[in-house]
Each structure stands twice: as structure tokens, then as C-alpha cells.
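Colleague: based on what follows, work out the 3D shape:
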Amino acid sequence: MQRKKNKGIPRLIKACGYSLKGLKAAWLNEEAFRIEILIIGIIFPLGWWLGASGTQKALLIGIYFVVLIVELINSAIEAIVDRIGEEYHLLAGRAKDLGSASVFISLTACVVIWAIILFERFF
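Modeller: I've put the predicted structure just below:
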């Protein structure tokens, strides 16, 4: 027997609840996510102040959202791998390493975008 699926506004409300539950889980269980959330307190005002145009402000602030998104996906990958088993497996290690590499690349993109915009603005 199929379960009745929510549609429309009730579905959106449920989806928001699941999203908030995920953010809470990330905050409680992922130190890197907590640190990155705290960095927002620096990134947002600096990006707003240093960006010379709306586009620059959007890039300086928006790229940091990419970092947070990738961090959440990496945390999800790690949770799935840990759920499967605690013993080391080559593919499990590779999955975790690839997730970590994606976070590293998103952070590198953040630094590169900030460097380009700041160089253009001040030099």
C-alpha cells in the first residue's frame, strides 16, 4: 500500500523541516561546518564592504555559500560511508577522500575569487 504523498504547500513545509533538521545535524556533528558558519560573520560584512559593485558583492559572498553546500554534501557522504561500516575499505576511503577534495576545491575557488576581486579593486 502506498503512502499518501504531500503536495503543494504541505510538501514545502515538510521539506523545510527536513532542511532545518539537516542543518541542525551538521551544526551538532560537524566541527568544520560550525567553523565555516562562524566565518560567515566575517565574510558577509567584508564582502559587502569590499565589493565595488553588486556583482562583486554577490561573488564575494555567494562563493562562500558554495563552500557550505559542498561541506554539507561531504558530511552526507561521510555519514553514509560510516553507516555502512567502520572497517577500512578502499572504496570507502576513496569516497571520503573525494568528498574532502571537493571541499578543498570549493575553498580554493573562494580564495581565488576573493584574490581576483581584491586585486582588481586595489591594484
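Colleague: how about Arg34: what's its closest non-neighbour residue?
Modeller: Take Arg34 and drop its neighbours on the chain: the residue closest to it by Cβ to Cβ, 6 or more residues apart in numbering is Trp27, 6.0 Å away. All C-beta spots, glycine's among them, are computed from the backbone N, C-alpha and C.
Colleague: compute the number of surrounding residues for the one you found.
Modeller: The number of residues packed around Trp27, counting by other Cβ atoms under 10 Å, is 12.
Colleague: begin at 877 from now on, thanks
Modeller: From this message on, residue numbering opens at 877, which makes the last subject Trp903.
Colleague: quick one, grab the pLDDT at it.
Modeller: Confidence at Trp903, expressed as pLDDT, is 97.
Colleague: what's the helix or strand harbouring it packed up against?
Modeller: Remark: Trp903 resides in helix 885-905, with elements defined by DSSP states H and E. Taking 3 or more Cβ pairs under 8 Å, 6 or more residues apart in numbering; DSSP states H and E as contact, the helices and strands that helix 885-905 lies on are helix 907-926, helix 930-960.
Colleague: any idea which of those is most buried?
Modeller: For the helices and strands packed on helix 885-905, ranked by mean neighbour count under the definition mean count of other Cβ atoms under 10 Å, the leader is helix 930-960 at a mean of 16.
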